[in-house]
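Below are the sequence and a predicted model; questions follow.
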Amino acid sequence: MPESLEDIRCQLCGLTGAIPGQSLLKFKNLTGILLQENTLTGQLPAQLGSLTKLSRLSLGGNALVGSIPTQIANLPRLEIFDLWGNQLTGVVPSFGRNDGFLSFFDIEDNLIVGSLAGILQALPPESLQKFYAGYNQITGFIPAEIASFPKLRVFDIRYAAVGGALPVQMAYMNQMEQLRIEGNGFGGVFPAGIANIKTLIELGIHANRFTGSLDAVCLTYAGVVPFPIDMTADCSNPVLVSCSCCSKCWMQNTGGFPVV
């Protein structure tokens, strides 16, 4: 039985207590631990790093604490790292021993610290497709090296503490579908080159300090019904970014969207 078990799956099962890392070592062929939205507590057991066939680790929506063990980051076949909605702290360790499998990385809504550039540097650029790191204590800026993630489709860093200007290299990320950077400290003229990304379906840039215009994006899809991109910007009270096609305009003076 231990040798044949590949998945431990129990979402919304009311599980409590700590994850029994030592006991899980007998399941040497385990490829998935999927225990989202329970009430698991304690730290992530470093022993999980010995399960070398593990490809999916989904523990979002629990009450786990402590830092991410380096042993887990070193798992060579890990594809999904899904730890949203816990109380994890510390910096993100290097996933450099990953053999180019990691495609989904979600640490949203934790207490993770460190620079955004450092986190991106810790992840394998050739395989990453979805990146969620919002609602953490992440600082710094978006590095130009983000363009070295050719498969990146989702980049979500909402309500962190990142700032600066957007690198012009982002205009060449032609797989991007969702770009969510609202609620940070970004500023400067919003790069018109973003209009060159033809795959966008969601663009959230409100609650920042951008100036300029999104009209280049509007013109790209002029006449397309329904309009294919859900866009939000600081385009009302006061107008910081002009946008004739935004879904909603954030009002800086009230810190919210208009009530409709």
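Received the coordinates, thanks. Numbering: from 1, shown residues only.

so where's the chain shaky on pLDDT?
In the predicted model, the chain carries pLDDT under 70 at residues 1, 259-260.

Show me the residue at the heart of it, geometrically.
Y132 (0.9 Å; C-alpha atoms, centre = their mean).

Now do the phi/psi pair for that one.
For Y132, the backbone dihedrals (degrees, to the nearest 10) come out as phi -120, psi 120.

List the residues that contact the closest residue to N74 other than its chain neighbours.
Nearest residue to N74, sequence neighbours excluded (C-beta to C-beta, 6 or more residues apart in numbering): R97, at 4.4 Å. C-beta coordinates here come from the backbone N, C-alpha and C atoms, glycine included. For R97, the contacting residues are A73, N74, L75, P76, by C-beta atoms under 8 Å, 6 or more residues apart in numbering.

Go ahead and report the secondary structure state at the nearest residue to V189 once chain neighbours are set aside.
Spatial nearest neighbour of V189, excluding adjacent residues (C-beta to C-beta, 6+ apart): G212 at 4.0 Å. Here G212 is strand, with the state taken from DSSP: H, G, I helix; E, B strand; the rest coil.

what about G212, how many neighbours?
16 (other C-beta atoms under 10 Å).

Give me the distance between it and S148.
As judged by C-beta to C-beta, to the nearest Å, G212 and S148 stand 26 Å apart.

swap in V217?
24 Å.

Tell me which of the two has more neighbours.
Neighbour totals were compared for V217 and S148, and V217 leads with 23 against 13 (other C-beta under 10 Å).

Strands of the stretch 1-150 of the chain, residue ranges please.
Counting by DSSP state E, counting those that start in this stretch, one finds strands in the stretch 1-150 of the chain at the ranges 7-9, 16-18, 32-34, 39-41, 56-58, 65-66, 80-82, 87-88, 104-106, 113-115, 130-132, 137-141.
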